[in-house]
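**Q** sequence first, predicted model second:
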Amino acid sequence: MYEIKDLLKKIINTGYKVKINHRVVNGQHILFFNYRKVEDGKMIQMSKRIAKLTGKNKREDIEIINEVIIERVEFEKNLEKEFEKPKDKNLSFLDFIDSHSDRYKIKGTGQNYKSMKKHIIAFSGEDTLLSDIDKQYCLKFMDFIVKAVPKSYSLYFTCFKSLINRAIDEELIQDATYLRKLNIKPYKSKRNYLTEAEIIAIYNLETEHENIKNAFIFSCYTGLRFSDLSALRFSDIIDNRVYIKQQKTGNVIALKLHKTALEIIEKQRIKQKDKVFKIPSYCCWNRKVKEIIKQVGITRHITGHCARHSFGTLCARKNINPLVIQQMMGHGDLKTTMEYINISGEQLDEAIDKLSN
């Protein structure tokens, strides 16, 4: 026996329009061609079954993979006309946005593209074509989006640029240096957070939104995002630790649970069977969190995601090493972690006092 994953490393998809992917179907190891083509001005995702691996005979499976790699070259040549069709001026930019957003398993990310689509419609109408995307279009859209959503324009422009880069990679629009280098200065928003006293006040609050309150407090003591909270199962809690693969980054974390987080888990066991928290949607989560915050008497702008900010800030106030906070929050780099850490005036005073001593 051998590990099929070791053989699959022979497959290189970078630089190919047709990707060779592996899936297990009914216990069998199947190789597929995945590619896109355009029909009636719409981008369609295609999948074609190519071969079945034995999973037992290593030599035979190597031969099969080599044959599939060779076959891909011919398959791409036959698809050249299909890949040229997107250059037709009839390809809709809105359809392209839809095909891009459908690629994301995380609801939040896909929703960002769908929201951006509304801004594209407001900017240039529903009949916008990929052939309309040029330097002037991009510059005008940048000016439009900054005015339309002053506090979140950088998010939508990131989505817009991702679409442009993908369209260039797939030869749907002409490659141009200025399109690749388009940039917009991100909006520096203040990351609101809760103090430890405020978190305790919320925890002690009696509210009809008990499930949402518990999820919010749990996030304050674990730093979990909404996507991970809504997917969290009791089976992910083992020996007072939470083991979870973050949906946004794919990073796996194993975090020891704070005593308050453990109390919440026990409370939820009484109400829930499989998933720890029952949260209908991100909008519902945010709306009810704001109601809870208002009930406590906090007037600052606090959203559901502020629980994660609060966790990072709380850790920093306890003088936990930023590298440790980075690991606990599952960040890919320290720079992201530092954005969550708020340095108080008291901490600055303490730093000067230490120098004086």
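**A** The structure has been received and is ready for your questions.
**Q** quick one: V242 is in a strand?
**A** Yes. The assignment for V242 (DSSP: H, G, I helix; E, B strand; the rest coil) places it in a strand.
**Q** what's around the spatially closest residue to it that is not a sequence neighbour, how many residues?
**A** Nearest residue to V242 in three dimensions, chain neighbours excluded: L255, at 5.2 Å (CB to CB, 6 or more residues apart in numbering). C-beta: built from backbone N, CA, C; applies to glycine. By the criterion of other CB atoms under 10 Å, L255 has 18 neighbours.
**Q** I'd assumed T222 was in contact with L255.
**A** Yes. L255 is in contact with T222 according to CB atoms under 8 Å; the separation is 6.0 Å.
**Q** shared neighbours, those two?
**A** Counting by CB atoms under 8 Å, 6 or more residues apart in numbering, the residues touching both L255 and T222 are V242.
**Q** about what we covered before: does the residue nearest to V242 belong to a helix, a strand or coil?
**A** The local conformation at L255, judged by three-state DSSP, is strand.
**Q** cool, P150 as well?
**A** Applying three-state DSSP to P150 yields a three-state assignment of coil.
**Q** cool, and I20?
**A** The local conformation at I20, judged by three-state DSSP, is strand.
**Q** who's in contact with the residue nearest to V242?
**A** Applying CB under 8 Å, 6+ apart, the residues contacting L255 are T222, R241, V242, M328.
**Q** state the number of residues packed around the last one.
**A** Just to be clear, that refers to M328. Around M328 there are 19 residues (other CB under 10 Å).
**Q** quick check: it touching G223?
**A** Yes. Counting by CB under 8 Å, M328 touches G223, with 6.1 Å between them.
**Q** are we agreed that R49 is in a strand?
**A** Yes. Assessed by three-state DSSP, R49 belongs to a strand.
**Q** tell me what it is bridged to.
**A** Beta bridges link R49 to F32, judged by DSSP bridges.
**Q** that one and H29, how far apart?
**A** 12 Å (CB to CB, to the nearest Å).
**Q** neighbour-wise, which of these two wins?
**A** Taking other CB under 10 Å, R49 and H29 do not tie; H29 has more neighbours (19 against 11).
**Q** how about F141, what does it touch?
**A** If a contact means CB under 8 Å, 6+ apart, then F141 has I120, F123, S124, F160 as its contacts.
**Q** just M116 next, same as before
**A** With CB under 8 Å, 6+ apart, M116 has these contacts: I97, Y156, C159, F160.
**Q** mind running it again at 10 Å?
**A** 97, 100-101, 145, 149, 155-160, 162-163 (CB atoms under 10 Å, 6 or more residues apart in numbering).
**Q** so how far is stretch 21-35 from its chain's centroid?
**A** 25 Å (CA atoms, centre = their mean, to the nearest Å).
**Q** hang on, I meant stretch 265-283
**A** 22 Å.
**Q** ok, and what's touching stretch 66-84?
**A** For stretch 66-84, the surrounding residues in contact (CB under 10 Å, 6+ apart) are 10-13, 16-20, 31-33, 35-39, 44, 46, 48, 50-51, 53, 170-172.
**Q** and if we set it to 8 Å?
**A** 10-11, 16-18, 20, 31, 33, 35, 37-38, 50-51, 170-171.
**Q** what's the farthest-apart pair in the contacts of M116?
**A** Using CB to CB, the contacts of M116 reach their maximum pairwise distance at H100 and V149, which is 19.5 Å.
**Q** would you map the strands across the stretch 251-357 of the chain?
**A** Under the criterion DSSP state E, counting those that start in this stretch, strands of the stretch 251-357 of the chain are mapped to 252-256.
**Q** let me know the next secondary structure element after the worst-scoring helix or strand of the chain on mean pLDDT.
**A** Here the helix or strand of the chain ranked lowest by mean pLDDT, DSSP states H and E is helix 80-84, holding a mean of 56. Counting by DSSP states H and E, the next helix or strand C-terminal to helix 80-84 is helix 93-101.
**Q** how is the chain divided into domains?
**A** The record's domain parsing of the chain by automatic domain parsing lists 4-85, 93-180, 196-351.
**Q** any idea how far the last one is from the chain center?
**A** For domain 196-351, the distance between its averaged C-alpha position and the chain's averaged C-alpha position is 18 Å (CA atoms, centre = their mean).
**Q** endpoints of that domain, how far apart?
**A** 22 Å (CA to CA, to the nearest Å).
**Q** one more: the second one?
**A** Between the opening and closing residues of domain 93-180 lies a distance of 18 Å (CA to CA).
**Q** flag the shaky bits of the stretch 51-200 of the chain, pLDDT-wise.
**A** 80-90, 102-110, 175-177, 186-189 (pLDDT under 70).
**Q** the same query, at a cut-off of 90, please.
**A** 54-59, 61, 72-116, 128-136, 138-139, 142, 146-147, 149-193 (pLDDT under 90).
**Q** any chance you could map the helices in it?
**A** Ranges of helices in the stretch 51-200 of the chain, per DSSP state H, counting those that start in this stretch, are 58-78, 80-84, 93-101, 107-124, 135-148, 153-169, 177-180, 196-203.
**Q** JSON lines for these, including distance to D6?
**A** Listed next are the helices of the stretch 51-200 of the chain as JSON lines, based on distance: least, CB to CB, whole Å:
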{"stretch": "helix 58-78", "distance to D6": "9"}
{"stretch": "helix 80-84", "distance to D6": "32"}
{"stretch": "helix 93-101", "distance to D6": "32"}
{"stretch": "helix 107-124", "distance to D6": "31"}
{"stretch": "helix 135-148", "distance to D6": "44"}
{"stretch": "helix 153-169", "distance to D6": "29"}
{"stretch": "helix 177-180", "distance to D6": "36"}
{"stretch": "helix 196-203", "distance to D6": "47"}
